[in-house]
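Visitor: Structure, please.
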Amino acid sequence: MFNDYEKKRSALTVSTASIDANSDELKRIENKIDIQPMKGWMKKKSPAILKSWQKRYFMLVENSQEGLWKLVYFDNDKTDTKPNGAFDLSNITSINQISKKEFTILFPGRNLELKVKTPELCQQWITTLNSLRTSTSPQRTKRQVSMDSVVKMADESPTKISNHKIVDTYTAQQAQVYKERHRNSLLIDLSKEDKKIKEKQNEVQLSNDKMIELVGLKEFIKNMNEQFIYQRMIYGYLGKRSKGKVKYFQKRWFILVSAKPLYSDYNDEKILHESQLPPWLELDTITYFKQNTDGKPPKAKGDVKMLDCQEIIIKNMSKSKESGYTFKLNMGDRLYHLMAESELERTKWQSALSQSIRITKEINNPLKIKIKKNIDPLIELYDEETQLITRREKIKQKLEQDIGEILKQEDVDLNTLITQLTDLRQDMLESMQASIVKDPQRKDIVKEYTDIYHEKICDRITNFWDKHYMKLQSPELLLIGQWLYDYLQQMKDFFNDDRILLGIRVLLNIYVTRSLESLESVIYQIIEQERIQEPFLNEQEQFVTQTPVDLFKIINEGFDMAYKLCSCKETVIRFGGFGKVILQQYQGGIQEIIDEHQLTISKLIAICNNTLALHDNTKQYSKRLQTFGNLSDEEIEKVFDGQKITKNFVQIANNCRERIFITYFSRVGTHFKKPYLEIKIIDTLKSIIEPATEALSQLHDSFSRKLWKQLTDSIILYYFNQFIISCSKAKKEQQNEFIRKLQNDKDILFQELETFIFEKQLQAALKPFDDMISFLNEESLSILDSCKNLRQYFGSAFSEKTIKSIMTLRFDLDKDQKKDTIEICKNLIDDINKTQPIEDDSVRIIDFLGQEDDEQSSTQEQKSQQIQRRADIRLDINDNEIQQISIQQQQRKSNEKEEFIDEGYLYKKKPKSKAWDYRFVRIRKGFIYWYINSNSREAQNKINLQNVDEVIPNPKKPTNFKIQLEDLKIYKFKTQTKEECELWIKTIIKEQNQTDVAIITLEAIQIGNGKMPIIKDYDEIARKERQRQKQEERKRKRIEKENELKKRQMELKLLQQQQLKELGDKPLPHQVEIFEQHGTSVQNYNHPKKTTSCWTSFLIALGVERPK
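Guide: The predicted structure is shown next:
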């Protein structure tokens, strides 16, 4: 242990010869108190071109022969080092302080620039140097020369007056004496310290059991299984080397507790958790104590986390003078030197600590998986055999034995099944997680668990389902679905089995189908209530019913209950279809009521108003589904089809509005049967509007305004039709009267209708009045704009016949002018007809303006039959599957050889400063360390590359780059060249990617292809069987009818042949008629009259309505 001390002793003995040679001088030196005022380390700026700072050891030495002082400097403070140079203090011209820590000594021909650590030391050196250079002696006086002449000589000659590199023998010996004396004092102090260390080591060491008791572990061990805890512990006395300048080993008591067993002769499947330890103790962390002499409980002196330990270095003791057996723990930024008393003890610690490093890296794995099971015993069992078949058979027996210990009961009910399968699933998950964090990953063990555990779970569920599916209630289906979803989520990183997802879908399909079947009668009652019950007035005094509330109460409560029991995306998708079916059933039923029943105006208004609330509720339900299922816009539209549902509601509202319009305004045309000049527009409007005003006030504004706009267009159409009819019968003096009436009637219409229609809409509707006035006043060429506007407003009804009728009123034009005007307008209309799409003639009220009463379409009832029906409504939830796109993992391949740099000097910028530090940087095992220089043992700091967000080069300064962490902290670095900067960036990114590989290495195994599903949809199978039986029954009946028809035809044919034979070759005409009547009766028998509508038949097929 004390080899260093002995070495120092021998060095002292060797150096006595030089001390004897100068014994007189030594005695003189010892008698003087301040003979050596100053010594120590300073930095000297080199006079070379680079002018770098050099660390040197300086001391002041007195040359008694010459009676002067010299400043001597060395490379180090060792006694056997020769001086590099010496400066005569008598030659100093001046001493200038440059900064707090820097000063310059001016010599003739040379400036000596020095730097010290502290301002106080700087001031002390300056004071001492100034005092010594001014001191005199007889010898010095004799040789003293004028300083002015010296300076003058220095100015005149480019060479130095004296060479400080040449050190005289006497000065060198004096310096050696001073250093020997200083070293001797250190060794004397060291020998005293060694005696104290020996005295402490000779103190009686407490036993390990006593130390365990003192640190408070005895009660902890007593409360646990002793074998379990002792196999996870290593403790004892080790020597720990001090951190001071003088290195020696101190006895400390060390202890480490690991999460898993540390010794190969014992193993179990449990994991020790940190919550089970005393508060001061951490798992896989060495904690060391200093023994108290008074027997009091010692306090921990420090700890060493094995997670940070990069390697354990065993020292070769054959080349060392240390008395023990040393090993080192490399923590990256520090080395711990520990000494055991024997090789066996060192080997024991090395083995246990190496195992602890592996364990703590598994526990603190990059995947951030919390390990709950020790899989090592199973891996040992698996690796014992070399043959794959044998090892698989061996592990199969072990896993089946474990399964038998978990599945002890029969699955008599759902609770028993779920409880036992949950335990089995948890054991499987813990085992797979423990296997995947191994280095390397044990995917072979994961495969064994998948083949045995997973298949056992699938078989257990399948057997239970086959036996009990008829007895299971709807909520129990969701409980099974939730368990399968949890199982799928937990195992998604290890394997993918399509049967699990398919089983969830089947269960949800069964649940939704059963729910819809049970709600058929409820939906039918809601639809029937719309037909029977009278609506009520809401707060806005508008007719509504309870339908929107009732309908979405059913939908939302159904979804909430299902999602509470089975919270997964598949539930959201199925209940998108659930809501879609219910709404489409309501839409189909309410449209059928509108078509087949004469509903009152109040009910039509209520249905119309209800569509707004239903539309809003539909959007809210769609947003709920999108939020709960995290669905995209495309996915929600596919599963719920909100746009189609909204379109259907709009069509229902339009159908109701058309019927309201027909009820009140179907006879608008009858008010315009009189000559144009006799029409009193104010009276006509009152007779049309007053009967409908009160009822339409109970309709929502968005619908009522459309109705009033539709009425306005109808009034204007009939108004101008009668106007054009009257034009051909007008007299010359009536032309101006026609124009004045147009202007007056326009003003009246605006005043009467402005309360029902928006002003802009009304102005656009009444614009034909202005265009017609212009048409009657403008010249031939100026009339084109009015003609074009009228054609755009009235459409194809404004035809060539219409123009000819209007031109009969233009008495201000001669015959040729009228002809030219008609020709110009005709060409304009033809051009418009070529560019605009063809209009639907089926919805046109009047073929052309100016059409007489007998030429018009017969009645408004014909138009009412032309009302556009609703869009087709499909009831289907099985076609809305969302296919999951498998994510293909990208593999990185590199064929080019790249160069990297993992250590070297970099400039690192200080935080909140413009200064740059020159640091030695290393990249090791996912960390960036930086040191003061390449010889430094301890790093100043480090960066974890897992926390690096981005490495950013500086585009403006190619030699600079910065590292930005996830918490936005930034480190800035600078290189010498652009190429070196690129190499550092490339290396950091490469190291970071290698670190990230551990986080993205899980690749799920695909299984289940070609195997039977675990959940069969027996309801669907039964439905298909019923459909098949119905089809066979229909086919049988059809064949029977066909056979019966053939038989009857054959009988009839035979009868005809027989009768013809009896009548002879020529039958009489009335006999032929009898035969034809018989044939007709047979045809009527084969084709009975259909009385059920297509929609009703569709609902009967779905089971929504019963056949009558």
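
Visitor: ok, which stretches of the stretch 351-500 of the chain are strands?
Guide: Taking DSSP state E, counting those that start in this stretch, the strands of the stretch 351-500 of the chain run over residues 495-497.

Visitor: Are we agreed that Ile806 is in a helix?
Guide: Yes: per DSSP: H, G, I helix; E, B strand; the rest coil, Ile806 lies within a helix segment.

Visitor: which residues sit in contact with the residue lying closest to it once chain neighbours are set aside?
Guide: Leaving aside its sequence neighbours, Ile806 sits nearest to Cys727 (C-beta to C-beta, 6 or more residues apart in numbering; 5.5 Å). C-beta coordinates here come from the backbone N, C-alpha and C atoms, glycine included. Applying C-beta atoms under 8 Å, 6 or more residues apart in numbering to Cys727 gives the contacts 676, 738, 805-806, 808-809, 850.

Visitor: please redo it, this time with the cut-off set to 10 Å
Guide: Going by C-beta atoms under 10 Å, 6 or more residues apart in numbering, Cys727 touches 676, 734-735, 738, 776, 802, 804-810, 850.

Visitor: and which of those residues is nearest Ile389?
Guide: Comparing the contacts of Cys727 against Ile389 with C-beta to C-beta picks out Thr802 as the nearest, at 96.4 Å.

Visitor: one step back: Tyr382: which of the contacts of Cys727 is nearest?
Guide: For the contacts of Cys727, the nearest to Tyr382 is Thr802 (95.9 Å; C-beta to C-beta).

Visitor: In the protein, which helix is the longest?
Guide: The residue-count maximum for a helix in the chain (DSSP state H) belongs to helix 1018-1063.

Visitor: got a pLDDT number for Tyr586?
Guide: Tyr586 is assigned a predicted lDDT (pLDDT) of 92.

Visitor: Please apply the same query to Asp996.
Guide: 45.

Visitor: Buried ones in the helix or strand harbouring Ile555, by neighbour count?
Guide: In this assignment (DSSP states H and E), Ile555 forms part of helix 547-565. Neighbour-count burial for helix 547-565 flags 547-548, 550-552, 554-556, 558-559, 562-563, 565 (criterion: 16 or more other C-beta atoms under 10 Å).

Visitor: what about Gln387, distance to Lys210?
Guide: 52 Å (C-beta to C-beta, to the nearest Å).

Visitor: between those two, which one's more packed in?
Guide: Between Gln387 and Lys210, counting by other C-beta atoms under 10 Å, Lys210 is the more crowded of the two (14 against 9).

Visitor: wait, that one sits on Gly295?
Guide: Yes: Lys210 lies in contact with Gly295 (C-beta atoms under 10 Å); the separation is 8.8 Å.

Visitor: okay, now Leu344: neighbour count?
Guide: By other C-beta under 10 Å, 10 other residues sit near Leu344.

Visitor: Work out for me the element it sits within.
Guide: Counting by DSSP H and E, Leu344 is part of helix 343-363.

Visitor: one step back: let me know the pLDDT of the residue nearest to Ile806.
Guide: Per-residue pLDDT puts Cys727 at 86.
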